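Visitor: Here is a sequence with its predicted model. Questions after.
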Amino acid sequence: MLMHDPLNTLEIDNAQFVLVDFQKSFFSILDKNIVKIARSNILLMVKMFKNLGIPMTGTDHYRKGLGGTDERVIAEWNGPEFMDKVTFSCMGQEEFPKIIKNNKRPTVIVAGLETQIC
């Protein structure tokens, strides 16, 4: 008999979404088709998670120098304001791990640019 394990099952009430550094300043170093596909997929996820009530956390890397998150994503965003970070890893920002923990949702869905660092 299979047992239900909430840590290995994606469910609305155990998931949260993190969007990492989807900033226009990074687009110039990427293939235009990749950016188009990434934007489309990220917008789809943001709209879906917003409609499902899944908590969303977003980051910008060094906003002062690199600018903010893509405005099309911002227009659909339903989470708190994007966190400005100066460390490469989100986990290096003191408040980020606290936000993730306080959401009390063990499944973290991560999307964006440079996500492998976080």
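Guide: Yes, it's here.
Visitor: Please identify the buried residues of the host helix or strand of R72?
Guide: Assigned by DSSP states H and E, R72 falls within helix 71-76. For helix 71-76, burial by neighbour count (16 or more other CB atoms under 10 Å) applies to V73. C-beta: built from backbone N, CA, C; applies to glycine.
Visitor: Check which helices and strands it is in contact with.
Guide: helix 32-52 (3 or more CB pairs under 8 Å, 6 or more residues apart in numbering; DSSP states H and E).
Visitor: strand partners of the helix or strand just after the helix it packs on, parallel vs antiparallel please.
Guide: Next helix or strand after helix 32-52 toward the C-terminus (DSSP H and E): strand 56-61. Strand pairing for strand 56-61, determined by DSSP bridges: strand 15-20 (parallel), strand 83-85 (parallel).
Visitor: Please point out which parts of the shortest one sit buried.
Guide: Within strand 83-85, the residues that qualify as buried by neighbour count (16+ other CB under 10 Å) are 83, 85.
Visitor: next helix or strand past it?
Guide: Scanning forward in sequence from strand 83-85 by DSSP H and E, the next helix or strand is helix 95-102.
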